[in-house]
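Peer 1: only geometry, no sequence info:
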């Protein structure tokens, strides 16, 4: 198996959205929303994006208060959390306006429930113009819908979707070091329900199988036993 | 307040001259570089992933295998990373690690046999045994 970020549709959409956020025209709001069910490669994609953009990444916790959120963000920009919330907001705004780094908040389901935290993020975005990206589970957009001021600032929404057959083929071509025949790719697609994580696990197994049998090309016929195991097994 | 290397009692405060080896000294930078290098990206990937393997870090940090391996080995020896599952050595089977000391945003600097220099704590960390 090779190790790389494969430009499946989800990644491509994320990349386009990130470029649009960083290179947006003057006066255009730049908040982003990334949502999707677990197992679609959201975390991997965000890790890659944060590294690419050198973003400020924090993971929200259920116990977060506005002060805790600001403290976590300040630590990421190498400043000691101090004083009141308003003082910390000022410190943070100063730091991010100097560096221009975007803010990425994972598990933001915890953040959007609190009016104070979402409005603080909106303030930071309004005053410094850096992109603020909220990453959360499926349906986070709906839960935000009643906060009109925030929704109007959301410029890009990326909804992670299940891998389609094209994506599965792309993953097989780019990750497997043996050729996987289209019939087996279709079988993998059918068995994994479009979960990128499960596709990768299954492709690794297929490649191992092909290696053991010393095959350059593998199809359903050669992998018959394996598909039966995978269909019924935990993988 | 100056910081001292636990091995050679050298002052290692920012701006101070650090002896690399006989006849070679370097000035410690005042601040870490603003742009992320590969080590910085690997560290960020480690901090963001609850569990990780070497190939995963290579993909998300866009770093090469040698660099990721060096980083994992050094952090393992200094007690920053714990091995959750040791690979059997078969093709496609990778060891799984987890970061147990997430000290802050700056990637540690590798010091070879001396261990690492943690920029977040501003102190040298020696290798265990």
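Peer 2: Nice, I can see it. These figures come from a predicted structure and were not determined experimentally. Numbers count the residues shown, from 1 in each chain, chains lettered A, B, ... in the order given.
Peer 1: ok, stretch A:21-32 near chain B or not?
Peer 2: No. Contact of stretch A:21-32 with chain B is not found when judged by CB under 8 Å from any CB of the partner chain; the minimum separation is 14.9 Å. C-beta coordinates here come from the backbone N, C-alpha and C atoms, glycine included.
Peer 1: go on, stretch A:66-79?
Peer 2: Yes. Contact between stretch A:66-79 and chain B, assessed by CB under 8 Å from any CB, occurs at A:75-78.
Peer 1: just the buried members of those residues?
Peer 2: Buried residues within the residues of stretch A:66-79 next to chain B, counting neighbours by 16 or more other CB atoms under 10 Å in any protein chain shown: A:75-77.
Peer 1: With respect to residue B:101, which of those is nearest?
Peer 2: Proximity of those to residue B:101 (CB to CB) peaks at residue A:75, which lies at 14.7 Å.
Peer 1: The closest one contacts residue A:81, correct?
Peer 2: Yes. Between residue A:75 and residue A:81 there is a contact under CB atoms under 8 Å: 6.8 Å.
Peer 1: tell me which parts of chain A are close to chain B?
Peer 2: Counting by CB under 8 Å from any CB, chain A sits next to chain B at A:1, A:3-5, A:43-44, A:46-48, A:50-52, A:54, A:57, A:59, A:75-78, A:99, A:106, A:204, A:207-208, A:211.
Peer 1: Among those residues, which lie within helices?
Peer 2: A:43-44, A:46-48, A:50-52, A:75-76, A:99, A:204, A:207-208, A:211 (DSSP state H).
Peer 1: Of the residues you listed, which is the most crowded?
Peer 2: Within those, most neighbours by other CB atoms under 10 Å in any protein chain shown means residue A:47, with 27 neighbours.
Peer 1: what about that residue, distance to residue A:100?
Peer 2: Noted for residue A:47: a distance of 21 Å to residue A:100, by CB to CB, to the nearest Å.
Peer 1: ditto for residue B:77
Peer 2: For residue B:77 relative to residue A:100 (CB to CB), the value is 37 Å.
Peer 1: which residue sits closest to residue A:11, ignoring its sequence neighbours?
Peer 2: Distances taken as CB to CB, 6 or more residues apart in numbering or on different chains place residue A:45 nearest to residue A:11, at 5.6 Å, with adjacent residues excluded.
Peer 1: For that neighbour, give me the pLDDT.
Peer 2: We have a pLDDT of 90 for residue A:45.
Peer 1: now it: how far from residue A:17?
Peer 2: For residue A:45 relative to residue A:17 (CB to CB), the value is 11 Å.
Peer 1: Between those two, which is the more surrounded one?
Peer 2: Between residue A:45 and residue A:17, residue A:45 has the larger neighbour count (other CB under 10 Å), namely 24 against 20.
Peer 1: so who does the more buried one touch?
Peer 2: A:5, A:10-11, A:14, A:160 (CB atoms under 8 Å, 6 or more residues apart in numbering or on different chains).
Peer 1: the strands in the chain, which residues?
Peer 2: Since no chain was named, I'll use chain A. A:31-35, A:56-59, A:103-106, A:132-136, A:154-159, A:179-180, A:217-218 (DSSP state E).
Peer 1: not what I meant, chain B
Peer 2: B:17-21, B:24-27, B:81-85, B:96-99, B:109-110, B:116-118, B:123-125.
Peer 1: Farthest pair within the ones in helices among the residues of chain A next to chain B?
Peer 2: Farthest pair in these, by CB to CB: A:99 and A:211, 46.4 Å.
Peer 1: so who does the closest residue to residue A:72 other than its chain neighbours touch?
Peer 2: Of all residues not flanking residue A:72 in the chain, residue A:58 sits nearest, at 4.7 Å (CB to CB, 6+ apart). Residue A:58 is in contact with A:69, A:72-73, A:76, A:103-106, counting by CB under 8 Å, 6+ apart.
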